[in-house]
Each structure stands twice: as structure tokens, then as C-alpha cells.
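>>> pasting a predicted model and its sequence here:
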Amino acid sequence: MTQLTYKDSGVDIDAGNESVRLIKNFVRSTYREEVLGDIGGFGGLFALKDYDEPILVSGTDGVGTKLKIAFMLNKHDTIGQDAVAMCVNDILVQGAEPLFFLDYLAVGKLNPAQVAEIVRGVANACKESGCALIGGETAEMSGFYAEGEYDIAGFAVGVVEKKSLITPARVKVGDILIGLPSSGLHSNGFSLVRKIVFERMGFKGDEKISELDKTIGEELLTPTKLYPKICLPIIKKFGDKIHGLIHVTGGGFYDNIPRALPENFGATIDADTWSVPKIFKLLQSWGNVPRREMFRTFNCGIGMILIVDEEALPDIDAHLNENFEEFYKIGRVVEGSGVEILGGDFSD
């Protein structure tokens, strides 16, 4: 009888070891002084320092069906940033500084070079966000994923002093909503995007779109913007004048803004205060997507929203201008409930 090995079943331990070798330097480059140990342990170690009443804030997420486009174009260098951004941007909204990140990558057949490309994106995003990549898991699952396909998810932990925790209790009527621009679609709404772009329009991914001055694939794979470097200094400088933050993810404006508001509070948004990026206008036109559906599915050009005390607005405005950050005063907190969106032109 022929002897069988684990490799015969589709799992290559040597390829796994080669993947670890290729990513070691990427991982180590993200370490903060609080990191203990090194890559290869059974668990990542991180020491908390200099906090009086620390509260740990955690978040986990994946990239979703945006991965299908990465598979289609065989382009994997941006997906890692998407995984990091979806987690660190979420914990940021409660005022937390991202401390460390762990990733989970599951593949059908382990390709060390592909794994290294993905993890390099994770590591670069961690460095930009100020958090350490202290561990992860790469699982080879033969027969479960199609050749060349994989799934990636992540888990971020941050910390905030108890007195500085941002909750809806801070919000009051009259507060101003400041919108920070997105880098594009980010990582939400891609089931609809794929239906419009690849099924209805019949694109293959490499078509140059004149309105975008790039291929449709390049546009769709633009990585999710990381907001910690922009928002953490604002949170630190203005303290309790920052009443809330909103990561505009799945559910868009209509579902995410109420998550940061107390009961019986709503928001009015003036969507004419910013120019909706061209990709959203094209999707709306190509798919004949209703206006409300656009604002409920996509970020429409605004990836993060700050809710600020109106009295502090001039100083926050000055801070953002001094740091050359693009921003828009997009709305106001009102009595009532729900979100009312005025304006917003998806036509050219």
C-alpha cells in the first residue's frame, strides 16, 4: 500500500515554513516597544504601560467579496490594508489608540510569495496606524478554497483611558458633523459593485475608464483609508469637545450615524458640501441605483465622520487646515431620530 503524507492531501508544511520566513521582517518592522517575544510563539505578547484606568477596545472584520476582484486581477498587495483598516477604524471611533493586530489567512493551496504579498500589505497598514502586528495564522485548507483563492480577516485591540472613552452620551443637539474623505469604495458594498460592474456592464477588470483615468480594477482595489493618524491627534488635543466618531462602513450613512447618537437624536446631512467621487456616480448610473440605496450601501466619498462641539469648530477647523487635511462640514445633530440627507448629486 502506498504511503501517504500530509503533503499528498494538499497541505505543504514546508511551504508554510517558507511563508513564515518571507514575512518575518515585515512583521518585526511593526513592533512597538510594548511588544514582548518574537514571531513564532503560540501567542502574541503586549505589555500595557502608562495608563491609569485603561479600557481595551477590540474589533474584528474581514474584507468581504472585494477579495473576488483581487482573485480576478491576481493583485494582492492592497487587500492587507483593507483588513487592517476595517478593524482599526472601528476601534478608533471610541477614542482608542490601536495597539496590536492579528491576522487570519486561509488558503486553498499555500503560495509563499502570495502570502508574503498579502502580509506585506498588512504590515505596512499596521505601521501607518501605529499598531504592532504581533501574530496571526495562515491555514492551508486543501479542497476548501478554489486554486488561487483565500480569505483574510483580522482582529485589532486598542486602549483608551476610561475618562476619555467616546460614547453617545457626549452628543448634544447642535453638534457639527465633520466629514473626512474616503479613498474610494473602501471594503463595503462589493456584492452590488460586482453585480453592476461585471454582470450588468460586462467589464473584465482591465478596461481603462476615461472618467477615472485608470482601469476599473485599479479603482475597485484602491485600499481602505486608515484614519488613526488623522483622528488620534484631534482626540488628544480637543478631548471632550469630540463628541463622537463614525466609521462609514456597511449600512452607509443611514445605519452608521445613528450608532453614535443617543436615543431621540438624529442628524441632518447636506450632501452638497462635498463632491461625490466619480466611481460612485458611475455605479449609480450603470446600475440605476436609487439615491437612498447609494447612501445606505456606500460611503459616497466620506469615510469617517467626527461629531464635534460647535464652539470648538473654529479651533478644529484650524487644526485640520494646519495639517493639510481635507474635510467638510457636512451636517448637524438635531432632535428627533434617523438621518435626513439633503442634496447629493450623482449626475455629471
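Everything's here; your move. Remember, predicted model here, so these are calculated numbers, not experimental data.
>>> tell me the contacts of Ser285?
The neighbourhood of Ser285, defined by CB atoms under 8 Å, 6 or more residues apart in numbering, consists of 346-347. The way it works is simple: take the backbone N, C-alpha and C, and place the C-beta from them, glycine included.
>>> mind telling me what element it is part of?
Element membership for Ser285, per DSSP states H and E: helix 278-287.
>>> tell me the first helix or strand C-terminal of that helix.
Where DSSP H and E defines the elements, the next helix or strand beyond helix 278-287 is helix 291-297.
>>> starting at the chain centroid, how far to that next one?
Remark: helix 291-297 is offset 19 Å from the chain centroid, using CA atoms, centre = their mean, to the nearest Å.
>>> which parts of stretch 175-190 are buried?
For stretch 175-190, the neighbour count (16 or more other CB atoms under 10 Å) marks 175-190 as buried.
>>> and Val193, how far from Gly287?
From Val193 over to Gly287 the distance is 9 Å, taken as CB to CB, to the nearest Å.
>>> who has more neighbours out of the two?
Here Val193 and Gly287 are compared on neighbour count by other CB atoms under 10 Å; more neighbours surround Val193, at 23 against 18.
>>> list the residues that contact the more buried one.
Contact analysis of Val193 by CB under 8 Å, 6+ apart lists 185, 220, 283.
>>> can you classify the residue lying closest to the second one once chain neighbours are set aside by secondary structure?
Nearest residue to Leu220 in three dimensions, chain neighbours excluded: Ile69, at 5.1 Å (CB to CB, 6 or more residues apart in numbering). Assigned by DSSP: H, G, I helix; E, B strand; the rest coil, the conformation of Ile69 is helix.
>>> for the protein, which spans come out with low pLDDT?
4-6, 8-9, 348 (pLDDT under 70).
>>> all the helices of it, residue numbers only.
With DSSP state H as the definition, the chain shows helices at residue ranges 13-28, 67-73, 79-92, 112-129, 190-194, 216-220, 228-238, 252-256, 278-287, 291-297, 313-322.
>>> most neighbours per residue, which of those?
Highest mean neighbour count of the helices of the chain: helix 79-92, a mean of 27 (counted as mean count of other CB atoms under 10 Å).
>>> so which elements touch it?
Where contact means 3 or more CB pairs under 8 Å, 6 or more residues apart in numbering; DSSP states H and E, helix 79-92 is packed against strand 54-62, strand 97-107, helix 112-129, strand 150-161, helix 228-238, strand 242-247, strand 302-308.
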